[in-house]
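**Student:** Have a look at this fold, sequence not included:
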């Protein structure tokens, strides 16, 4: 509970400051031409006729940003218009989602995020809304999996080793988290269910936590396997386990965190949303474009290389079913926070 109270204070300050400074957003992609307002009438007729904007909840360089940009490249080819990705990061995605939750419903404004941020921010009290405050468009992938990692020369080889060492040396093992979201939830479950006694350190997003780990500032953290893979392969880090419900199809030998703590299971999925109540025809058209754009051999190679598994893209109906399932999972974490 102490951890959650501290989180709430940090979150309140960080969201306020981030929203006040939203003019510092960075963007990249196709042409910067833009316009306001929808197409009028039956909105799907003639859509798209101008630049599509995708607002990215996380900083450039992370896995959510990478997958969103790869999707934008494929959508440009599919739709024949520029698809511009703009980073509006801060507070584990809460800044962007607060800013664009009530954004333009003209069919040219979308948000790209991941389920651990979107649903985790609600579970931890960071925001007071969940996925149904938006119009879900498509789930278009599963993360390579948060992996609990330590330096390669660490004496810990399993999650059980790490937790037992923290119990033997309370407060000595520094575990890096990001404020709110999936990694914070994981640390809370390890503490309140698994009995870990870590020194919890707010070490920022995945890229910052990686730097902190390599610099010896923290002793353990959780990173998407895609972020840590090169450092695992070159002998700087080692993975103790994945929190995926099943190991990635191309990494079948990974140990599972749930073997040590059954509650420690989290499938992070990439999702595209629209502000609430856009024209239904455009949501359907965008979903169809995503399904088509991700059916290529090029997309499959991106997913194989980065997510270490096969493509996973859902239509609107299945996206809604999966988001509700994930929302129930994250709500089940709330007693541990």
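**Tutor:** Great, that's in hand. Quantities reported herein were computed from a predicted structural model and do not represent experimental measurements.

**Student:** could you pull out the strands for the chain?
**Tutor:** Counting by DSSP state E, one finds strands in the chain at the ranges 26-28, 52-56, 83-87, 109-114, 134-142, 146-151, 174-177, 199-202, 220-224, 237-242, 269-275.

**Student:** Quick one: closest of these to residue 259.
**Tutor:** strand 237-242 (7.4 Å; C-beta to C-beta). Where you see a C-beta, it was placed from the backbone N, CA and C, and this is true even at glycine.

**Student:** Let's have the strands of the chain in a markdown table, adding mean neighbour count.
**Tutor:** Converted to a markdown table, the strands of the chain look like this (neighbours: other C-beta atoms under 10 Å):
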| stretch | mean neighbour count |
| --- | --- |
| strand 26-28 | 13 |
| strand 52-56 | 24 |
| strand 83-87 | 22 |
| strand 109-114 | 26 |
| strand 134-142 | 25 |
| strand 146-151 | 24 |
| strand 174-177 | 24 |
| strand 199-202 | 17 |
| strand 220-224 | 26 |
| strand 237-242 | 22 |
| strand 269-275 | 24 |
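
**Student:** Leaving aside the residues adjacent along the chain, what's closest to residue 64?
**Tutor:** In this structure, residue 64 finds its nearest non-sequential neighbour in residue 58, 4.4 Å apart by C-beta to C-beta, 6 or more residues apart in numbering.

**Student:** The one you found: how many residues sit nearby?
**Tutor:** Neighbourhood size, residue 58 [other C-beta atoms under 10 Å]: 27.

**Student:** Next: residue 163.
**Tutor:** When neighbours are counted by other C-beta under 10 Å, residue 163 registers 21.

**Student:** related to what we said a few turns ago, out of the strands of the chain, which is closest to residue 68?
**Tutor:** Comparing these by C-beta to C-beta, strand 109-114 comes nearest, at 3.8 Å.

**Student:** Direction-wise, compare that closest one with strand 52-56 and give the angle.
**Tutor:** 30 degrees (axes from the mean of the first three to the mean of the last three C-alpha atoms, to 10 degrees).

**Student:** one step back: any chance of the strands of the chain in CSV, plus mean pLDDT and distance to residue 73?
**Tutor:** Output for these, formatted as CSV (pLDDT from 0 to 100; distance: least, C-beta to C-beta, whole Å):
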stretch, mean pLDDT, distance to residue 73
strand 26-28, 41, 11
strand 52-56, 98, 11
strand 83-87, 97, 8
strand 109-114, 97, 13
strand 134-142, 97, 13
strand 146-151, 97, 25
strand 174-177, 97, 31
strand 199-202, 96, 33
strand 220-224, 96, 20
strand 237-242, 97, 28
strand 269-275, 98, 14
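
**Student:** Include distance to residue 186 when you put the ones you listed into JSON lines, please.
**Tutor:** JSON lines is the format used below for the strands of the chain (distance: least, C-beta to C-beta, whole Å):
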{"stretch": "strand 26-28", "distance to residue 186": "28"}
{"stretch": "strand 52-56", "distance to residue 186": "23"}
{"stretch": "strand 83-87", "distance to residue 186": "24"}
{"stretch": "strand 109-114", "distance to residue 186": "14"}
{"stretch": "strand 134-142", "distance to residue 186": "17"}
{"stretch": "strand 146-151", "distance to residue 186": "7"}
{"stretch": "strand 174-177", "distance to residue 186": "8"}
{"stretch": "strand 199-202", "distance to residue 186": "11"}
{"stretch": "strand 220-224", "distance to residue 186": "6"}
{"stretch": "strand 237-242", "distance to residue 186": "11"}
{"stretch": "strand 269-275", "distance to residue 186": "16"}
